[in-house]
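# structure of the sequence below:
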Amino acid sequence: MADSKGGVLGSFPWASLAVLMAFVASTQLVPHAFDALRPAEKARAQAPLDPDLEINARLWEDPFAALRRYQLERSERCERQRKAAQPVDGDCGQQMPRLRDPRNLLARLDADQNKRFDDTLVILGLMPGADFVGAEEARRRIRYATLAGLLAQDYVPDNAERLSLLEFRLLDAKADTGSPGYMVPYELLSLRRPGSEQSPSRYAQVALLWVDETALPLRKLDAVARLAEQLMGREARDRAHLRFKLDAQDALPRLAVIGPSSTDALRTALRDLRCAAELNNTAGIGSSPLAESDAARCLRRGEDVRAGLPADVLAGYQLLARAEFYNPSSTAPERMLPELQGYTRAVTGLDDGIDAFLTQHFSRLTGTQGRPPPVHMVRTVGSDADLIAKLVAELKLRLPQRHRRVVIVAERDSIYAQALVEQFRDQLPAGLKESLRVIYFFRGIDGVTTTEASAAAALATAAAKVPPLEWPESRDQLDYLRRLGAELKRSESSSGSLPIGAVGIFANDVHDKLLVLQALHEDFSDRVFFTTDMDARYLHPRTQAFTRNLVVASSLPLAFYPVPPEKAGSAVDLQAGTPPLRDIYQTSTYAAARRAGCRSEACKQREGRALDAVLKNTSVYEIGRSGTVALSGYTLDERPPQSAAGRIFVALLMAAVFGCLLFGWPSTPAMRQARRVLLPRSPGEAALRMEPTAIVLVSMHALLLSYGVVSLVEFVLPGRMQFNRTPMLAALAVGAALLVGLAGLKTGQARRPTLLLATGLALLGAAWLALAWPEGGWRPGGVCRTCEPTVWLEGVSSWPSHLLHLLALFTLLWTLDWAWADTQEQLCRDSDWLCLPRPPEHPSVVAVLRGWFSQVSVLFWKPGVGYSCDFRQLWIEYGERGEATPRAARTLFWYALTLGVVTLLFLGLNDGQIPEVPARGSEHRGLVRVTLYAALLLLPLLVVAVADATVLLTRFVRHMNVGRSFYPDPTIEGFAQALGSEHKGLWAQRFCARPEERVADGGGFTRHTLLDDWIDVQVVARRSAPVARLVIGPFVVLALLVVARSRLFDNWSLTPAIAAGVSFYVAALVGLTLLLKQAAENARRRALESMQADLRWLAGSAAPLSGLQEPFKRLIAQVENEQRGAFAPFFEQPLLKAVLVPLGGAGGTQLFDYLLLGR
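Here you go, the predicted structure:
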């Protein structure tokens, strides 16, 4: 039997191997990049040149990059043809500027020759054209979103692979046509299914022009006006053979402007519009010095303040006054734009400041009398004020207002970031506003420019292999970030500074945000990081290490929700099959293009209402492991109904497991005592009295069960249970347990519950059910905007950790119950097994205090004097110290001492800070915090209880090893009878302890037998078996607590203070268990030495003692092969199994992850 357990198959840790395999397999559960299977191709044939479609460009390409590629290829090709004296291609000839003349576009658009353009839309898409890093990606995104929005309105490109070119003269309309012009790529789209209704909702065709706003000459809005005039001015109308007045709105194409592309560009456009109005005020300039002064501030070099605007620019402004303007990029509120100050309803009758500004100044340019027609700029992106309000509300849900501070890291050279900082400061509550700290940086932290982008990418690839520390002599600002993180970490140790609770990052460039996150996340991994504007780069696996748990307030999602089936006929499908976009500015551009594509007012209003419903309900996300998790706003309120089946199953499973283990099988000793009180007694069965410790344990079980049920109900039905009810529910549960315990204290009476007991339990149960009834009933559904998300492995929910905390608490109490009561019962059974008296009844508290050193303390327990050890006396002393009351006194004393040491150790290593629980809302944060703190407070109690039993047994074994034990006659007779009646008398024969002192006449201290040493080993094995198993419980609890802090579930961190606390418990348990193992092995070694001496004595003895040699050899073999309890082999040791619990599973993964992060 021992061989089967200790052999190769039995001792190999198959369970740990399975855990290791599962861990290795789980590392593969990460997304992988797609494999591009298209084979590489060489250019084998050149597409025929088309003077109207010059540029090869797919729909997803940057039009300006395609233009530069075309110009480079054209230059090389034309140069080769000229050198070879070959006939030049069409685009190398002199006729190309004429073909690119924008004044011919109207005639080209009049394909049906009906001389009407009311079914045509011309869109000016303003793009950032500068060669700074990120501009090309920004242009790709703008074009993709604009085309996606138009395609969603059923427009299709006339040619999906090529672009056309227009060449404008923006400096001087009468300049020589041979001078270089301003190139504008454009593309045409047509309605896929032309409508036959009287008032069509779509245009028949769309001309989409891509305007490089960076390359526009100063004043940029004047250049846009000149561009509009060359497209649709008098000469363009003459070439299209149109004859009409300008106010005939249905004759010209509808003009829409999507842009500018940033807040800075918007401010520039507003200043240019004001300057145009000031310069056009020629009458006021001649009569008013103030008007002349205002106009003079807008002059460029060489201009005359009295000349007014050029005629073509003024004509262009008249065209722009009829255009539709869309703002997809500027999120700054109006009060943060100095150009808009003073433009309110009092001037124009319009509420919106931008609309009032545009209307007033365009009316000054067009000369409109009376109240001018309004000029609107439709905002398709939310205001920063709404984002900040949402972020502040989210911080209130996550942070205590008086014990944490907020740090903002923002761009210094950005109006956008400055506006965010000011608004954030204004909206913070007083407790957080006083400690707010703002730190600035300059845009472009990595120091990369366009000309060095490829070189920087190569350096980044090389640096990824051996990351060097940033040298503080370079163009980048990375070393500033490193020192910033170190300085912020040091500031938390300052006596006058609060710990940092949240870090905000306000910047335009997402790459700057990512670098700040990398710099600060390692030192503040468990803090709240927040920013604005959702971007798909936050979700990529390459950034997951530092973007996980980032809180993002965003006015728009990356993808709109599909229309529910019940609203399919009435609601607008904003997504319309478009894949999720890359950032919210793409989404806003997409929405602007959708609305611009509407021809009828009814269509525009439907699009506007659908978009406003999203913009007015700003969304807040938390970045998860595989995607975003909606916390509030549109993405939460309009989310399709989520199934609660998984949560219900987990809740029912946990409730069933808890109920079965407590009330069914195997239950606990304390619960069994309570059950005997409630159940009827069989005839002749003696009354059983409940122990006081059992009453305490049953009360703790009831408290945890009540709290667990409340937690599970809240888990299934978020927001239905109020945390302030929990103390009352716990009090009712404890009251019911105490009622049962008080009934069990009456001994000698029938244990059938009396009427009073039954009535009391019924009333307490009814009150508990009434108080625990969830608000809104038991039907799942609804939205809780202040609750913790109920997701599993996204890493943004503390619910899995909370459930593990509940499981740890249950395991802790269950183990404590068994560790306390089962060891008491086992001590009584072992006393009967040894035919020795059971431990005495409970001494009084006064007796315990009086006999602390002589009868209670383990450390001051002195061994007997002399070589011979009276085992009966030693067992009585052991039982006195192992009895319930002395054991409870020692446990409480060492518990208080251990709790104080661990608390001081934790606070000392953590600079006096207590980490905040990463949960949203005071209700859920309190729920998780109470469970966690209860587990942390009770864990030392369990460790001390197990340590006390281990130390007591170790001292007992050591005292037994001082000399050779001798047992009373009943004990010897019992063991001799078990070995067989043949040699019973010989086994019970008494001798002196040492063989050399044994004489034939039996003189000396003849109290020992041949079985003494063998019985010693049997006692150690039998006593150490239940005590050694107790160590598994604390390790299981530690494993659950460590796993619960995994970032797999939420924004937890395994700090050095926590690691030190766990190591303290582990070291204490391992050390005590090794001491017990050492004492047991010493007992075995001493027993074997003594038994070998006895065997030699038997070999030299006469009959009948000489006949005991073979049976005695078998006893020696039993001692040598003993594998129970502390004698178990290495792979069968309970200690090793206990250590493998936290280290062989997810706890080891968590520790391994911490060590990796520690690099």
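# can you count the residues close to residue 296?
14 (other Cβ atoms under 10 Å). C-beta coordinates here come from the backbone N, C-alpha and C atoms, glycine included.
# look up how far residue 278 lies from it.
9 Å (Cβ to Cβ, to the nearest Å).
# which SS state does residue 299 fall under?
Secondary structure, DSSP: H, G, I helix; E, B strand; the rest coil: residue 299 is coil.
# please disregard the earlier target; I meant residue 552.
strand.
# quick one, what contacts the closest residue to it other than its chain neighbours?
Using Cβ to Cβ, 6 or more residues apart in numbering and skipping the chain neighbours, the partner closest in space to residue 552 is residue 621 (4.8 Å). Neighbour list for residue 621: 534, 551, 552, 554, 628, 629, 630, 631, 635 [criterion: Cβ atoms under 8 Å, 6 or more residues apart in numbering].
# so what's the fourth one bridging to?
Read it as residue 554. residue 619 (DSSP bridges).
# likewise for the fifth one?
With DSSP bridges as the criterion, residue 628 is bridged to residue 623.
# contact partners for it?
534, 539, 552, 558, 621, 622, 635.
# could you do the first one as well?
Remark: with contacts taken as Cβ under 8 Å, 6+ apart, residue 534 is in contact with 552, 554, 556, 557, 558, 583, 584, 619, 621, 628.
# if we go to 10 Å?
Residue 534 is in contact with 552-558, 581-584, 587, 619-621, 623, 628, 635, counting by Cβ atoms under 10 Å, 6 or more residues apart in numbering.
# could you do the second one as well?
Under the criterion of Cβ under 10 Å, 6+ apart, the contact list for residue 551 reads 390-391, 394-395, 398, 502, 504, 528-532, 620-623, 631, 796, 920, 1051.
# please report the distance of it from residue 819.
Taken as Cβ to Cβ, the span from residue 551 to residue 819 is 43 Å.
# what do you get for the fourth one?
Between residue 554 and residue 819 the distance, using Cβ to Cβ, works out to 52 Å.
# and these two? Which one has more around it.
Using other Cβ under 10 Å, the more surrounded residue of residue 554 and residue 819 is residue 554, with 26 against 22.
# still on that earlier bit, so which of the contacts of residue 621 is the closest to residue 657?
Top of the list for closeness to residue 657, among the contacts of residue 621 and by Cβ to Cβ, is residue 629 at 28.0 Å.
# so what's the residue count around residue 228?
26.
# now for it: which residues touch it?
102, 122, 124, 236, 255, 257, 312-313, 315-320, 322-323.
# for this structure, longest strand please?
strand 182-191 (DSSP state E).
# how about it: buried residues?
182, 183, 184, 185, 186, 187, 188, 189, 191 (16 or more other Cβ atoms under 10 Å).
# check the offset of that strand from the chain's centre.
44 Å (Cα atoms, centre = their mean, to the nearest Å).
# what about residue 98, which helix or strand?
Following DSSP states H and E, one finds residue 98 within helix 96-99.
# any idea how this protein splits into domains?
55-330, 384-554, 662-785, 824-968+1010-1157 (automatic domain parsing).
# and the last one, how far out from the chain's middle?
Which is domain 824-968+1010-1157. With Cα atoms, centre = their mean, you get 39 Å for domain 824-968+1010-1157.
# can you tell me the SS state at the residue nearest to residue 552?
Taking three-state DSSP, the label given to residue 621 is strand.
# tell me how far it lies from residue 813.
38 Å.
# likewise for residue 511?
According to Cβ to Cβ, residue 511 stands 51 Å off from residue 813.
# do residue 309 as well
Distance from residue 309 to residue 813, by Cβ to Cβ: 84 Å.
# who's more crowded, those two?
Taking neighbours as other Cβ under 10 Å, residue 309 and residue 813 compare with residue 813 leading, 24 against 21.
# now that one: phi and psi?
phi -70, psi -40 (degrees, to the nearest 10).
# and residue 355, by the same measure?
According to degrees, to the nearest 10, residue 355 has phi -60, psi -40.
# pretty sure it contacts residue 373?
No - the pair residue 355 / residue 373 is not scored as a contact, 11.3 Å apart, by Cβ atoms under 10 Å.
# so between these two, which is more surrounded?
Taking neighbours as other Cβ under 10 Å, residue 355 and residue 373 compare with residue 355 leading, 19 against 12.
# quick check: chain neighbours aside, which residue is closest to the more buried one?
Per Cβ to Cβ, 6+ apart, closest to residue 355 is residue 376, 5.2 Å.
# tell me which element residue 529 is part of?
Per DSSP H and E: strand 528-532 holds residue 529.
# in the sheet, which strands lie alongside that strand, parallel or antiparallel?
When DSSP bridges is applied, strand 528-532 pairs with strand 500-506 (parallel), strand 551-554 (parallel).
# ok, which of these comes nearest residue 959?
Short answer: strand 500-506, nearest of those by Cβ to Cβ, at 54.6 Å.
# pLDDT of the closest one, averaged?
Average pLDDT, strand 500-506: 93.
# please apply the same query to stretch 971-982.
88.
# for that stretch, buried residues please.
Buried, per 16+ other Cβ under 10 Å, within stretch 971-982: 971, 972, 973, 975, 976.
# near the closest residue to the second one other than its chain neighbours, how many other residues are there?
With Cβ to Cβ, 6+ apart as the measure, residue 988 is the residue that lies nearest to residue 972, at 5.0 Å, once sequence neighbours are left out. Close neighbours of residue 988, defined as other Cβ under 10 Å, add up to 16.
# residue 368 and residue 362 touch, don't they?
Yes - contact criterion Cβ under 10 Å: residue 368 and residue 362 qualify, at 8.1 Å.
# of those two, which one has the most company?
residue 362 (23 against 13).
# and the one helix or strand that one maps to, what other elements does it pack with?
Take DSSP H and E as the rule and residue 362 turns out to sit in helix 353-366. Counting contacts by 3 or more Cβ pairs under 10 Å, 6 or more residues apart in numbering; DSSP states H and E, helix 353-366 is packed against helix 263-280, helix 311-320, strand 324-327, helix 345-348, strand 377-379.
# measure stretch 562-576 end to end?
8 Å (Cα to Cα, to the nearest Å).
# got the contact list for it?
Outside stretch 562-576, the residues that reach it (Cβ under 10 Å, 6+ apart) are 148-149, 151-154, 556-557, 559-561, 577, 581, 587, 590-591, 594, 603, 606-611, 613-614, 638, 640-641.
# which among those count as buried?
Here, 16+ other Cβ under 10 Å leaves 148-149, 151-154, 556-557, 560-561, 581, 587, 590-591, 594, 603, 606-608, 610-611, 614, 638 buried among the contacts of stretch 562-576.
# name the residues contacting each of residue 355 and residue 373.
Contacts common to residue 355 and residue 373, judged by Cβ under 10 Å, 6+ apart, are absent.
# can I get the buried residues of stretch 971-982 in TSV with secondary structure and distance to residue 700?
Output for those, formatted as TSV (DSSP: H, G, I helix; E, B strand; the rest coil; distance: Cβ to Cβ, whole Å):
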residue	secondary structure	distance to residue 700
971	helix	38
972	helix	43
973	helix	44
975	helix	40
976	helix	46
